[in-house]
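J.: Generate a structure from the sequence data that follows.
(one chain, ligands or ions: 2)
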Amino acid sequence: MRVSTGVPGFDTLVNGGLLKDRLYIISGPPGSGKTTFCAQFATKGAIDDERTLYLSMHETQEELVNDMSSFEFGFEKAIASGQVKFLNVLDGDAQRLLSTSSRGSRDVSANIDNFSNKIVSIVESKGVDRLIIDSTMLLEYYFSDDLDALVTFLTKLKRTDATVLLISEMTDPTSYSDAHYLAHGVVFFHNYLEAGEMVRGIQLIKMRGTPIDCDIREIEFTDRGLRVDPETKIHS
Ligand SMILES: Nc1ncnc2c1ncn2[C@@H]1O[C@H](COP(=O)(O)OP(=O)(O)OP(=O)(O)O)[C@@H](O)[C@H]1O
Ligand SMILES: [Mg+2]
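T.: Ligands and ions are numbered 1, 2, ... in the order given. You can find the predicted model right below:
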């Protein structure tokens, strides 16, 4: 079964939508559209009567709602409906919920286990259909250099009944991490200078179970959010 992303033009590139309950990495440089894409995905979930959990570390709910308010796709309404829940993992309440203490805690591995078990159990017990992790910096904070624990966490997420979007800050499309290999799909956003103009594009790097080409398509920000033009390939 496939789920619609709510990003006009994108579903066409992936046979009608993302395969449900899988894990996808959304990569790209700063300001390239990763958060907007995920906010549209969350909003589409609310429209389709699905539940989303949006995990963040660097932004508050208010900031995210504010940033998305320049678009008209209805993110604020989705939050207000309760179908999209926002959790900043560094908030006092969230820290208590996740039973993690500050990074200075001596028992680092207990903190890591608590964090991953709690997130997985929230996803399962609350019936989360769409999970967004914004971003891998959040995971780096919790897992520091415990790569095994991170891989275990992502593997557990792959087994839940949630479609997971993991945002990864990455400016070099060739410096892949373990998460990119582990994921079912990898989407890369581009924002680069060409002939004196900034060009925005989107590229499917991999999409297990779905035939794709790896060509870069043009994207634009409109009043209704990001829009992909599936027909227009960028030739560089
Ligand atoms: N109509 C618009 N409304 C809001 N932002 C727009 C618009 N058009 C272009 N932008 C730009 O798009 C960017 C927002 O993209 P977004 O926050 O989704 O990127 P990101 O990849 O998540 O960035 P970061 O890595 O910094 O978190 C901003 O830099 C913003 O200036
Ligand atoms: Mg962002």
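J.: mind checking pLDDT for residue 144?
T.: pLDDT for residue 144: 88.
J.: Would you check how far apart it and residue 154 are?
T.: According to C-beta to C-beta, to the nearest Å, residue 144 stands 15 Å off from residue 154. Placement of C-beta: from N, CA and C, glycine included.
J.: out of the two, which sits in the more crowded spot?
T.: residue 154 (21 against 14; other C-beta atoms under 10 Å).
J.: worst-scoring helix or strand of this protein, pLDDT-wise?
T.: Every helix and strand of the chain was ranked by mean pLDDT, DSSP states H and E. The lowest is helix 92-97, at a mean of 84.
J.: Buried residues of the helix or strand just after it, list them for me.
T.: Where DSSP states H and E defines the elements, the next helix or strand beyond helix 92-97 is helix 108-125. By 16 or more other C-beta atoms under 10 Å, the buried positions in helix 108-125 come out as 111-116, 119-120, 122-123.
J.: can you map out the strands along this structure?
T.: Counting by DSSP state E, the chain has strands at residues 2-3, 18-19, 23-28, 52-56, 84-88, 130-134, 163-169, 185-194, 197-207, 216-222, 225-234.
J.: So which of the ones you listed is nearest ligand 1?
T.: Smallest distance to ligand 1 across those (C-beta to the nearest ligand atom): 3.3 Å, for strand 216-222.
J.: Quick check: mean pLDDT of that closest one?
T.: Across strand 216-222, pLDDT averages out at 96.
J.: ok so, going back, could I get the buried residues of helix 108-125 as CSV with pLDDT and distance to ligand 1?
T.: Shown next, in CSV, are the buried residues of helix 108-125 (pLDDT from 0 to 100; distance: C-beta to the nearest ligand atom, whole Å):
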residue, pLDDT, distance to ligand 1
111, 82, 25
112, 87, 25
113, 88, 28
114, 89, 27
115, 92, 22
116, 94, 23
119, 96, 21
120, 97, 25
122, 96, 23
123, 98, 22
